[in-house]
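[1] here's my sequence, what's the structure:
(4 chains)
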2 protein chains.
Amino acid sequence: MVKKQPAIRLTKQRQVILETLKSDYSHPTADEVYEKVRHQLPKISLATVYRNLEILAETGLIQELDPGRKQMRFDPNTHAHYHLTCVRCGRVEDMAGDISESPMKNIEKALGRLTKYGIFGHKLEFVGLCSKCMEAGYTLPEELTVNPGNRKEG
Amino acid sequence: MVKKQPAIRLTKQRQVILETLKSDYSHPTADEVYEKVRHQLPKISLATVYRNLEILAETGLIQELDPGRKQMRFDPNTHAHYHLTCVRCGRVEDMAGDISESPMKNIEKALGRLTKYGIFGHKLEFVGLCSKCMEAGYTLPEELTVNPGNRKEG
DNA sequence: AACAGTAATAGTAATTACTATCAATAAGGA
DNA sequence: TCCTTATTGATAGTAATTACTATTACTGTT
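    Reported below is the predicted structural model:
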């Protein structure tokens, strides 16, 4: 006898949140989604947006991104792909072209043996300044001694 | 006439924070550093610890890590190296062996041309369960459709 | 050694990005 | 339509960090 799992209801709010995100490839934050959704549902609560983004991500309908800043971002594209994050403004873009997955998978396997971790994936983020930030006069840091992905962003 | 930049004073607090971290390769969080430092300086303020960790990281004496969780971590090893994060307990380890940097550098260059970003680095994190979490009975997620680095950690 | 200028500190309030709680509401099957 | 319970809006709470402020203490100069 398998316990029946709770049905996921298709509420108006959930529907609008999903539709809004599905047409937005800017990798918005939760509050950006909230602002957009409010045009259609002015009374929606921010908590509802957070709750539904989490549920939609768990269901696999959207992807939750953690670009190494304080805010999560959300992506309607659920295929495995890499992102590019601007260290200054936080903009996130899809990576053009594709980096082959297989050599990384081999590295994962070797690592699992070496470290006794159960490795199940990796996260690869390229960081830099987007063209807008460069146009605004921001420049690349001159000297780099450490993995720049770990630098503090402005 | 170049404006003289403010001198960075070597206070007792700063000294103890640096020494404490330099002998701690567990990649501690700010509050873990705070607890350790308090043994020597019971009256030190948490804000002082945060402030100094930031300054030390900016100065390049230590490295600030963002392992994709809510808390920053700190590393006395300022050489470029990769880390391994447990998605469950947040433990961070140095990656054993070395992954060659050069192919990644080539990818960075190609990406810069493609995207018009000023790419200056990348961040590569392997994620999984550490041996302790596996011993405690936690298992790897069965099905993965997306880049697992973006999954919500428990 | 006394002084001036200012970097740094302790203590605490404020902020940010969520996350939990809970009474009221509304899907969706019987 | 009725009933069960998933979901909602409103708001309080939380964790990690950051800002603020009065006070303290270096450091170079007399």
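[2] end-to-end on stretch A:64-83?
    12 Å (C-alpha to C-alpha, to the nearest Å).
[3] return the set of buried residues in it.
    Counting neighbours by 16 or more other C-beta atoms under 10 Å in any protein chain shown, one finds that the buried residues in stretch A:64-83 are A:64-68, A:72-76, A:80, A:82-83. Placement of C-beta: from N, CA and C, glycine included.
[4] intersect those with the contacts of chain B.
    A:64-66, A:68, A:80, A:82 (C-beta under 8 Å from any C-beta of the partner chain).
[5] which one of those is nearest to A:D24?
    A:D24 lies nearest to A:L65 out of those, by C-beta to C-beta, at 13.1 Å.
[6] what sits against the closest residue to the closest one other than its chain neighbours?
    Leaving aside its sequence neighbours, A:L65 sits nearest to A:R73 (C-beta to C-beta, 6 or more residues apart in numbering or on different chains; 4.3 Å). By C-beta atoms under 8 Å, 6 or more residues apart in numbering or on different chains, the contact list for A:R73 reads A:27-29, A:64-67, A:92.
[7] redo that, cut-off 10 Å
    Neighbour list for A:R73: A:26-30, A:32-33, A:53, A:63-67, A:83, A:85, A:90-92, B:150 [criterion: C-beta atoms under 10 Å, 6 or more residues apart in numbering or on different chains].
[8] what of A:Q71?
    With C-beta under 10 Å, 6+ apart, A:Q71 has these contacts: A:28-32, A:65, A:90.
[9] now swap in A:I17 and tell me
    Counting by C-beta under 10 Å, 6+ apart, A:I17 has contacts A:11, A:33-34, A:36-37, A:40-41, A:44, A:48-49, A:51-53, A:55-56, A:62, A:74.
[10] where does pLDDT dip in chain A?
    For chain A, the stretches with pLDDT under 70 are A:1-6, A:87, A:96-107, A:111, A:114, A:120-121, A:124-128, A:136-154.
[11] hmm, A:H79 is touching A:Q63, no?
    Yes - with contact defined as C-beta atoms under 10 Å, A:H79 counts as touching A:Q63 (8.5 Å).
[12] and the strands in chain A?
    Here chain A has its strands, by DSSP state E, at A:63-65, A:73-75, A:83-86, A:92-94, A:118-129.
[13] export these as a markdown table, with columns for distance to DNA strand C.
    A markdown table is the format used below for the strands of chain A (distance: least, C-beta to the nearest atom of the strand, whole Å):
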| stretch | distance to DNA strand C |
| --- | --- |
| strand A:63-65 | 9 |
| strand A:73-75 | 8 |
| strand A:83-86 | 14 |
| strand A:92-94 | 13 |
| strand A:118-129 | 16 |
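[14] all helices for chain A, in order.
    With DSSP state H, the ranges of helices along chain A come out as A:12-22, A:30-38, A:46-59, A:102-115, A:131-135.
[15] who in chain A is up against DNA strand C?
    A:7, A:9-12, A:29-31, A:46-47, A:50, A:54, A:70-72 (C-beta under 7 Å from any atom of the strand).
[16] and chain A, which residues reach DNA strand D?
    For chain A, the residues in contact with DNA strand D (C-beta under 7 Å from any atom of the strand) are A:6-9, A:11, A:13-14, A:41, A:43-48, A:51-52, A:55.
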